[in-house]
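Engineer: Any chance you could fold what I've pasted below:
(one chain, ligands or ions: 1)
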Amino acid sequence: MGGGDGKVFTLVYDVTKFLEDHPGGDEVLLSATGKDATDDFEDVGHSPSAREMMDQYYVGEIDVSTIPKKKEYTPPKQPHYNQDKTSEFIIRLLQFLVPLAILGLAVGIRIYTKSS
Ligand code: HEM
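Structural biologist: Take a look at the predicted model:
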């Protein structure tokens, strides 16, 4: 690790040749591919002999900033039905106002016809 021009390098290992022989199993290796697996490797507390074995699979160094971040799964956005609530509101308003208007009209006609 460490670099002259501000870049941070990490060591790269090709563990595809090691999947079947890894005492920790192939699943953990596969889950650590395509990303910086330094933390995963260190968390296990590998023995010095394990570190020696790594030399066989050494590929080179890579600028840490060029390692893609593991993408987290984000569920696709559900389409929002009836996002525009104004039409719904107008219908509710009319459901209230139309009977009132009819009632008002009826009362008005009744009053009008009575007085004449
Ligand atoms: C070239 C890289 C690697 C080498 C040479 C290597 C080698 C070994 C060896 C020799 C062991 C047996 C225990 C020991 O001696 O420490 C071991 C165990 C283990 N390794 Fe790796 N390993 C590598 C990468 C990784 C990575 C990237 C992970 C995690 C993503 C990992 C996870 C484990 C686990 C979970 C165990 C089992 C520990 C236990 O049962 O106590 N290893 N590895």
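Engineer: And for whatever residue of the chain ends up closest to the ligand, nearest residue in space, chain neighbours not counted?
Structural biologist: Nearest residue of the chain to the ligand, counting by Cβ to the nearest ligand atom: residue 24, 2.4 Å away. Quick note: C-beta positions are derived from backbone N, CA and C, even for glycine. Leaving out its chain neighbours, the residue that sits closest to residue 24 by Cβ to Cβ, 6 or more residues apart in numbering is residue 44, at 6.6 Å.
Engineer: follow-up on the earlier one: next one: the residue of the chain closest to the ligand, what pLDDT does it get?
Structural biologist: pLDDT, residue 24: 92.
Engineer: Same check on residue 2?
Structural biologist: At residue 2, pLDDT is 44.
Engineer: Get me the contact residues on this structure for the ligand.
Structural biologist: With the criterion set to Cβ under 6 Å from any ligand atom, the chain comes near the ligand through 13, 15, 18, 22-24, 28-29, 32, 37, 40-41, 44, 46-47, 49-50, 53-54, 57.
Engineer: and with 5 Å instead?
Structural biologist: By Cβ under 5 Å from any ligand atom, the residues of the chain that approach the ligand are 13, 23-24, 28, 32, 37, 40-41, 44, 46-47, 50, 53-54, 57.
Engineer: among those, which are in helices?
Structural biologist: Judged by DSSP state H, these include 28, 40-41, 44, 50, 53-54 as members of helices.
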